[in-house]
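S.K.: Sequence and computational prediction follow.
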Amino acid sequence: MLSKRFLVVFFACAGIFGLQSARVWAASTEQTLYSFSNVDGAQPFAGSLVFDSNGNLYGTTAFGDSPACAGGCGTVFELIPGSNGTWTHTLLYGFKGGSDGFEPNGALIFDAAGNLYGVTSHGGKTSCPTGCGTVYKLAPGGGGKWTKTVLHFFGGQDGATPIGGLSLDSAGNLYGTTWQGGDYQSCPQTGCGVVFKLTFGGHGQWTETVLHTFSGSDGSQPNGTLALDASRNLYGVTLHGGNYQACPIAGCGVVFKLASAKGQWTETVLHGFSGNDGVAPIGTLVFDTAGNLYGATSYIGAQYGMVFKLSPGGTNWTLTILHIFSGKVADYPTGITLDAAGDLYGTTAESSSGDGIVYSLTGISSGKPNFKILHIFNSTDGNSPQAAPILDAAGNLYGTTFWGGNLNACANGCGLVFKIPR
């Protein structure tokens, strides 16, 4: 059985969909919108949910549905809200394993035409023991049918095991990272991971370009969805690599930037963690309107993770620690979301009195962040959230938990989708 710490350190992501600030929250917090039962999906993993223009929710489960894989190959699902407060689950696609891919991870993303894009961590080419992973597209059709197309099969040298979501620029190019693959000399057996770009060339053909191959000293094991600025520069984190003196086994991790000039991409390490200022950054970075970046680390010294802010200043970026998790309340942050008012929302995989929490950090601009627990999970209403929550236009929070919910179909529950009303 996978431990919560394993899930946090290796498979967490985050997302951004914020619109309003966290000032007043309902006294009665969490509502379960849908509880999975394995045949319809199980274990929504690292990807945040995403809304369409009609207010429907979309997401993935890493397991469940197809018996072709042990535990199921994973699914893409839709949740449609009803007038009476109930939500209807629709299975858009069940992965088949093998060349079709399995274990979809990372957040889904829409293009302007309503197509969905995502990744599977395994399946595809057999260059890797369980397949190196795929990038796929789901196109809506008549009668509610969706058609799946594999856009790219990873082969190892060009990347393997994508676990983060994809980013889409205004020209229709897709960007992402792979957890493994690339440089197998610096990172034997697994590879250090890569940043890639997929370009559409017409006639249904997509071309992959490796923008950067990590080599350990500049980071290894990138995770989460890449953040894009207005100039199409890419920002992300690597769980490991960087400072091997402070973190001898795997490195403390870095925050990086990739900038393009005349078709050449150059990586810059914006911050290399050194233990006491954080270890193992995880998930997706998010920008505020002033160009500051926010993220989280799995550890800080002997503590259980923290939330940080990186402020630009020429070639040097300044790290500010906004909150440290001591383990007395909660530990192992798994993703953050920023709203338009500058308030942060996030989840942790564990808590001292439950199975993870949803929290807010307000007052950041004043220099005095205020930490508040919005909900503590208790297994039946969810267990171990692995992705950042998202917000709707009214400021309600939505998210998933990896375990909890239906304890009859899965030993620890198959996972669920929750809402925390404002």
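M.R.: That came through fine. Numbers count the residues shown, from 1 in each chain.
S.K.: hey, let's count contacts and neighbours off CA atoms from now on
M.R.: Will do.
S.K.: count of neighbours near L338?
M.R.: The tally of other residues near L338 (other C-alpha atoms under 10 Å) stands at 28.
S.K.: Let me know whether it touches D288 as I believe.
M.R.: Yes: L338 is within contact range of D288, at 7.4 Å (criterion: C-alpha atoms under 8 Å).
S.K.: got the contact list for C187?
M.R.: Contacts for C187 were tallied using C-alpha atoms under 8 Å, 6 or more residues apart in numbering; they are S215, G216.
S.K.: Oops, could you answer that again for P104 instead?
M.R.: With C-alpha under 8 Å, 6+ apart, P104 has these contacts: T60, T61, A62, G74, T75, G118, V119, T120, S121, H122, I163.
S.K.: following the helix or strand hosting T88, which helix or strand comes up?
M.R.: Using DSSP states H and E, T88 falls within strand 87-94. Downstream of strand 87-94, the first helix or strand assigned by DSSP H and E is strand 102-110.
S.K.: what ranges do the helices span in the stretch 1-150 of the chain?
M.R.: 4-11 (DSSP state H, counting those that start in this stretch).
S.K.: ok, which stretches of it are strands?
M.R.: Per DSSP state E, counting those that start in this stretch, the stretch 1-150 of the chain carries strands over the ranges 31-35, 50-51, 57-61, 75-81, 87-94, 102-110, 116-122, 134-140, 146-153.
S.K.: again, but for the stretch 301-422 of the chain
M.R.: Counting by DSSP E, counting those that start in this stretch, the strands of the stretch 301-422 of the chain are 306-313, 316-324, 330-338, 344-351, 357-362, 370-376, 390-391, 397-401, 416-420.
S.K.: For the fourth one, which outside residues touch it?
M.R.: By C-alpha under 8 Å, 6+ apart, the list of residues contacting strand 344-351 from outside reads 4-5, 8, 327-338, 355-362, 376, 383-389.
S.K.: about what we covered before: buried stuff in the strand holding T88?
M.R.: Neighbour-count burial for strand 87-94 flags W87, H89, L92, Y93, G94 (criterion: 16 or more other C-alpha atoms under 10 Å).
S.K.: Now for these: which two are most distant?
M.R.: The distance between the two most remote of these (C-alpha to C-alpha) is 19.8 Å, for W87 and G94.
S.K.: Could you give the number of residues near the residue lying closest to S99 once chain neighbours are set aside?
M.R.: Distances taken as C-alpha to C-alpha, 6 or more residues apart in numbering place G124 nearest to S99, at 4.0 Å, with adjacent residues excluded. Using other C-alpha under 10 Å, G124 is surrounded by 25 other residues.
S.K.: And the one 10 residues further on, by the same measure?
M.R.: Using other C-alpha under 10 Å, T134 is surrounded by 28 other residues.
S.K.: ok, now the one 3 residues further on?
M.R.: K137 is flanked by 20 other residues according to other C-alpha under 10 Å.
S.K.: How about the contacts made by it?
M.R.: Going by C-alpha under 8 Å, 6+ apart, the list of residues near K137 reads N115, L116, Y117, G118, T147, K148, T149, V150, L151.
S.K.: What residues are bridge-paired with the third one?
M.R.: For Y117, the beta-bridge partners are I109, K137 (DSSP bridges).
S.K.: which residues touch it?
M.R.: L108, I109, F110, V135, Y136, K137, L138, L166.
S.K.: now swap in the first one and tell me
M.R.: Applying C-alpha under 8 Å, 6+ apart, one finds that N115 lies in contact with K137, L138, A139, P140.
S.K.: And the strand holding T88, what does it pack against?
M.R.: Packed against strand 87-94 by the contact rule (3 or more C-alpha pairs under 8 Å, 6 or more residues apart in numbering; DSSP states H and E) you find strand 31-35, strand 75-81, strand 146-153.
S.K.: could these go into CSV alongside mean pLDDT and mean neighbour count?
M.R.: Shown next, in CSV, are the helices and strands packed on strand 87-94 (pLDDT from 0 to 100; neighbours: other C-alpha atoms under 10 Å):
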stretch, mean pLDDT, mean neighbour count
strand 31-35, 96, 19
strand 75-81, 97, 20
strand 146-153, 97, 18
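S.K.: For T130, which of these is the nearest?
M.R.: strand 146-153 (12.7 Å).
S.K.: got the angle for the closest one vs strand 87-94?
M.R.: Per axes from the mean of the first three to the mean of the last three C-alpha atoms, to 10 degrees, the angle that strand 146-153 makes with strand 87-94 is 50 degrees.
S.K.: From the chain's centroid, how far away is strand 146-153?
M.R.: Computed by C-alpha atoms, centre = their mean, to the nearest Å, the chain-centroid distance of strand 146-153 equals 20 Å.
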